[in-house]
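>>> got a predicted structure plus its sequence, pasted below:
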Amino acid sequence: MSLAIPNGLDNTVERPGERAPLVLGDTTYHDITETVCQVAERKPSKAWVIGFLISFLVLQWFVVCILYLLYEGVGVWGNRSPVFWGWPIVNFVFWVGIGHAGTLISAILFLFRQEWRTSINRAAEAMTIFAVVCAGTFPGIHVGRAWLAFWLAPYPSLNLWMWPQFRSPLLWDVFAVSTYGTVSLLFWYMGMVPDLATFRDRSKNKWRRMAYGLLSLGWSGSSRHWMRYEKAYALLAAFAAPLVLSVHTIVSFDFAVSQVPGWHTTIFPPYFVAGAIFSGFAMVLTLMIPARSMLGLEKLITIRHMDNMCKIILATGSLVGLAYGTEFFIAWYGQVREEKFAFTNRAFGPYWWAYWTMVTCNVISPQLFWIKKFRTTPWIIVLICIFVNIGMWFERFVITVTSLSRDYLPSAWAYFEPTWVDWSMLIGSFGMFFTLFLLFCRLMPIINMAETKATLAKQIHIAHSNGEEH
Amino acid sequence: MSDNTDSNDTSMNTVSGDKKVHGTVAEFTTVDSLMDACRKVRDAGYQKTDAFTPFPVHGIDKALGIKPTILPWIVLVCGLTGTAVALTMQIWMNAIDYPYIISGKPYISLPAFIPVAFELTILFASFGTFFGMWILNGLPKFSNPVFTDPRFDRVTDDRFFLYIDAKDPKYNQAGVEKLFGEFGSDYIQSVVEDDSEKKIPGFMYKVWIAVAAVSIIPLLIGLKMRVTNSDQPRFHIFFDMDFSPSKDAQQNTTLFADTRAMRPDVPGTVARGQHDVNFRTGIDMDAMASIDGVRAERLVRMLDDDQPESASESEESAPETTKSVMDTTPWLTDNPVDVSEETLLRGKQQFGIYCSVCHGLNGGGNGLVNRRAQRILAATWVPPSKLHDASLHADVYPDGKLFSTISNGIRKMPGYSAQIKAEDRWAIVAYVRALQRSQDASIDLVPKDQLEKIKKQQAEVEAALKAEADKANAGAESAEEETDADTSDAETSEDAKDESA
C-alpha cells in the first residue's frame, strides 16, 4: 500500500519518462483520510479562533454599513456626478474576477486531465462561491432601492406592467452571475458528497453523524453510483468551462457596450477573462499557502502544485500586460481624440498613481515567477500574490473611475473621492469572505479526498507496473 | 429508467436467523484484488452484483458488466429546453408583449438574446446533470442495508467491498461465501435488514413542521396585503422617499438670501400666452383680428404650442387662396428692432451664414449653391430670388412679409425659424433692406471721405484681380463675379453706416 518517493518532498524536478508524484511521502489511502479529516475533527487552533473572530467582527461592520446605506441612501458613497459607478462596481468586478479561479481549476484543468488540480480544487471552488457571494452583494446594494432588486427578474409584475430589457448587458450580467453562482454551488456540493460521506462515517457524535448523513444523501460508494457520478462530473465540468469564460466576458460587456472613452473596446472580453484568472489564482495561492502549513497538508498540496499555479499566474499576468499595451496602441492607432485622451489621462492624469500601482503589481511583479526559486518559496509566492490582488483591484478602479471622471464633456469632469463607507464596504467584504472561508475549513472537507485517493491509486499502479518491468 | 435498478434494493429471498438477508459482501484492501474478484464474479454468471469503493475505480464498470448511463440524454434534453425557454421568454417579453425599441434594432434581435440563451442553456443542463444523476442513483436514500455493518464505514476511507445481491438467480449464501473465500478476502459477511431502533427523533419532525409553518406567515401576510384594501394609512419605512423635503409654493427657505422658496423667473422668461406676437410673426395682429379673427386666433395659439410661427401655414396646400390671404394680411411695415450699426452687422453675419449660400453675398441670387446647380443643370432647381428686385422692395413687400418669408420659407426655400432667432431674423430683414438700397443708390449718397477710400480699395482690388487673371489666364468669369461681390459688399457697409447715422 505504501509507496516510497525517492526525492522526498521536492517534486518539482522533472524526470524524463516519469510522472512527477503528486502525493508525497509514504502516504496511504487512510493517511489521506486522516490528514484531511483531522482539520475538521480536532479542536480549532488559536490562530483559527482569532482569525475567525476578527473576520466575523469585520463582517458585522459590513452588515452595519449596508443597513446604514439602506436607511440613508446611496449618497453615503463617494459616487457623485460624473462617477456614478464608484467602488461598489469596482468591488463587484474585483470579486467576480477572483471567483473565476475555482471553477477554472475544477472544470478546465479537469477537462485537460491536469491531475495536480485534485488536491486544490475543493478549496478553490469554495473560494469561488464565497467570492461570488461577495460580488453579488455589491450590485444588489448599488441599485439604489435594494429592496426592489427583484425587479431585475423577469416575472409578471403587477407593479411595473413591463418586462426587463433583454438587450442590455446589465441584464445579461444578472443572468450570467446568478447562473455562475448556481452552477458553481452545484459543482462544489456534488464534488463534496463522497467526502461528506467520509465525514459521516467517521463521526462519533450522533448529531454530527446526522448532519453529515443528511448532507451526504446516503452515499454508499457503489460503483454504479460512481459511474453516473463521474459522468455527471465530466458533464458539469464541460458546462462550467465555457460558463467561466462567458461570465467575465459579459461583465466586460457592461463596460464595452457603452460609449465611454476607454471602455468602448473589443479587447475587453479576453482582457477581462485573463485578468480574472490571474487574480483568482493569486487569491487561491494567498489562501492555500498559509492554510497548507497551518493545517499540515504539505504532503497533499505540494511545491509542485504551487509551482504550476505560479506558471499560470505568470502566463495570465503577461497576457494582462499585453492587453494594457494593446489598449494604448489602439488608442493611438484609432486616432479618436477622446480615446487618445482617455489613455493619456489614465497614465498621466490625476489618477496616475492608481495606474502605475496597477502596472507595477500586475505586469512587473508576476515576471519574478520566471525564476524557479520564486515559484517554489511559499512566502515569496504569498507576497507576490498579495501584490497581484492589490494590482487587480486597482485595475478595476482605473478602468471604472478614470474613464468616468473625465469623459466627453470637460465641464462635467470631477475627481472621485471615496467616503468612509466605501472603505468600510471594501474591507467588510473581505470580512465576509474570510468568515465563510474559515467556516468552510472547519466544517467541510477542504481537500477532495476521493479524487486524491484516485490519483494515489494511479501513482501506485504506475509504480507497480514500472517495478514489474525492471 | 432501466438504468435505475440498483442491486442493493430491499428484497428478501433468504432468511438468516430472524433477520432478512439482502446479500453478501466481501472486503478487499487493494484495487487490484477487488478488480480480480469482480471479473471472476462476473464470469461465474452473477448479475446482481455491485462494488463499493472510496474513490471511482476505472474499468470496474466493465469488470462488473455495468451498462452505460442514459444521463447524457437527459442533460441534452434539459439543455435544449433551456435554450428554447430563454429564446421564447426574451422574444415574448421584448418583442411581442412589451416591444422595446433599443438602438433602432429589430424587435427580434437574436444576437442580443444570445448571452441569456447561453446562460440558461448551461443552467438548465447543469440542473439536469445534478438532479438527473441523483435521481438515477436513487439518492438521497438514508436507509441502506449495507450501512448496518459498522465495518462498512471504511468504504469511504480505504476499503473496497464486493457485493452479491440475494435477488440474483444464482444466489446461494453458502456458495457465495465460498466463492469470496477463494478470492482471499479476509472479511465476508451477510448484509441483513436494518432493524435497529435508530430513527430520527420525533421532536425533529415537530421542529420542522413548526419552522415550515412560521416561514409561511410572512408570505401569507404579504399575499393578504396584496389582495385586500385597508383604510389605514400606509407605512412609511423610508420617510424621506415618500415625503420629499422639497418646498411648496409660498414657503420660506434659508437657502436663498431673499428667503423665498419660490424663485423669480430667469431673465428672458416668457409666460404662456404672453408672446410678443407681432414681433414673432411679422403681422399686426390687432389689425389681423379685425380682418380675420379665426386666423389671428390660430396664429397666436400656434405660438403658444411651440409650433413654428407661420403666417402662411396653408401656403403649400392651397396656393390659390394663399395668394389672396397673403395680400390681405396686415404686415408690419416697420422693423420692430432698433436699426443700429450693431443690428446691421449682426444681420450681415447671419445673412452670411444662412442666406448667402443661395442668395449670394450681395443678395444678387447667385450664391455658391445656385452656381453649382446651374453648372450641373439641376432639373428641379428654382433659382433664388434676386433680393434687389423691385418686387421685393419695402413698398410692395413689407418688412413683416419679408420676416415671415425668412421664418416660413417660400417655394423651394425652407423656413429658418428653427435655426435663426426672431431678433436675428429682423436683423437680416434690416440688412436685406440695406443691400437693396446699396444696389440702387447713387454714388453721391456716399460721404466724400469714405468715397476716396472706397475708390482706392476698389482700384487696388481690381489691379490685384487683373494681375491674377493675367497670370492664370483663365477663370475670368468667376474673378469678375468676385469683384462684383466685393465691391457691393464694401458699398453696403458704407450704406449701412449712412443709414444708421
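That came through, no problem.
>>> quick one: buried residues of the host helix or strand of residue B:241?
Assigned by DSSP states H and E, residue B:241 belongs to helix B:239-242. Buried residues in helix B:239-242, defined by neighbour count with 16 or more other Cβ atoms under 10 Å in any protein chain shown: none. From N, CA and C alone the C-beta is placed, and that goes for glycine too.
>>> where's that helix relative to the chain centroid, distance-wise?
Averaging C-alpha positions (Cα atoms, centre = their mean, to the nearest Å) puts helix B:239-242 30 Å from its chain's average.
>>> report all helices and strands that the helix or strand hosting residue B:457 contacts.
Applying DSSP H and E as the criterion places residue B:457 in helix B:448-472. On a contact count with 3 or more Cβ pairs under 8 Å, 6 or more residues apart in numbering or on different chains; DSSP states H and E, helix B:448-472 meets helix B:476-500.
>>> where does pLDDT dip in the stretch 201-350 of chain A?
For the stretch 201-350 of chain A, no stretch has pLDDT under 70.
>>> how about the residues of it near chain B?
A:201-202, A:210, A:213-214, A:217-232, A:235-236, A:239-240, A:242-243, A:246, A:250, A:253 (Cβ under 8 Å from any Cβ of the partner chain).
>>> kindly recompute the last result at 6 Å.
A:201, A:217-218, A:220-228, A:230-232, A:235-236, A:239, A:243, A:250 (Cβ under 6 Å from any Cβ of the partner chain).
>>> quick one: average confidence on the helix holding residue B:457?
Mean pLDDT, helix B:448-472: 85.
>>> for stretch A:393-410, same thing?
Mean per-residue pLDDT for stretch A:393-410: 90.
>>> how about stretch B:116-132?
On average, stretch B:116-132 scores 94.
>>> cool, stretch A:180-189 as well?
Averaged across stretch A:180-189, pLDDT comes to 90.
>>> I'd say residue A:183 and residue B:126 touch.
Yes - at 4.6 Å, residue A:183 counts as touching residue B:126 under the criterion of Cβ atoms under 6 Å.
>>> give me the distance from the strand or helix carrying residue A:247 to the chain's centre.
Here residue A:247, judged by DSSP H and E, is contained in helix A:223-256. Chain-centre distance of helix A:223-256: 15 Å, with Cα atoms, centre = their mean.
>>> residue B:416 - that's part of a helix, no?
No - under DSSP: H, G, I helix; E, B strand; the rest coil, residue B:416 sits outside any helix and is assigned coil.
>>> let me see the contact set for it.
By Cβ atoms under 6 Å, 6 or more residues apart in numbering or on different chains, the contact set of residue B:416 is B:354, B:406.
>>> show the pLDDT at it.
pLDDT, residue B:416: 89.
>>> look up the closest residue to residue B:250, ignoring the ones flanking it.
residue B:262 (6.9 Å; Cβ to Cβ, 6 or more residues apart in numbering or on different chains).
>>> same check, this time on residue A:97
Counting by Cβ to Cβ, 6+ apart, residue A:276 is the residue found nearest to residue A:97 once chain neighbours are left out, at 3.8 Å.
>>> go on, residue B:161?
residue B:52 (4.1 Å).
>>> and that neighbour, how many residues sit next to it?
Using other Cβ atoms under 10 Å in any protein chain shown as the criterion, residue B:52 is surrounded by 23 other residues.
>>> ok, it touching residue A:223?
No - with contacts counted by Cβ under 6 Å, residue B:52 stays clear of residue A:223, the gap being 7.2 Å.
>>> could you chop chain B up by domain?
If you go by automatic domain parsing, the domain ranges for chain B are B:1-213, B:277-328, B:341-500.
>>> and the ones you listed, which one is worst for confidence?
domain B:277-328 (a mean of 67).
>>> what's the first-to-last distance across it?
Domain B:277-328 stretches 18 Å from its first residue to its last (Cα to Cα, to the nearest Å).
>>> residue A:193 and residue A:221 touch, don't they?
No - look at residue A:193 against residue A:221 with Cβ under 6 Å: they stay out of range, at 10.7 Å.
>>> who's more crowded, those two?
With neighbours defined as other Cβ under 10 Å, residue A:193 and residue A:221 compare such that residue A:221 has more, 26 against 19.
>>> roughly how far does that one sit from residue B:54?
6 Å (Cβ to Cβ, to the nearest Å).
>>> cool, and residue B:462?
109 Å.
>>> looking at those two, which one has more neighbours?
Neighbour count, other Cβ under 10 Å: between residue B:462 and residue B:54, residue B:54 has more, with 29 against 13.
>>> can I assume that one sits in a helix?
No - counting by three-state DSSP, one finds residue B:54 to be coil, located in no helix.
>>> phi and psi next, for it.
Per-residue torsions, residue B:54: phi -80, psi -20 (degrees, to the nearest 10).
>>> can you give me the helices for the stretch 1-150 of chain A?
Ranges of helices within the stretch 1-150 of chain A are A:29-41, A:46-72, A:87-98, A:100-103, A:109-111, A:121-142, based on DSSP state H, counting those that start in this stretch.
>>> secondary structure element for the residue nearest to residue B:250?
Using DSSP H and E, residue B:262 maps to neither a helix nor a strand.
>>> what number of residues lie near it?
12.
>>> for it, grab phi and psi.
Backbone geometry at residue B:262, expressed as degrees, to the nearest 10, gives phi -80, psi 130.
>>> one more: residue A:378?
Main-chain dihedrals, residue A:378, degrees, to the nearest 10: phi -50, psi -50.
>>> just the pLDDT for it.
We have a pLDDT of 87 for residue A:378.
>>> residues in contact with it?
With contact taken as Cβ under 6 Å, 6+ apart, residue A:378 is in contact with residue A:289.
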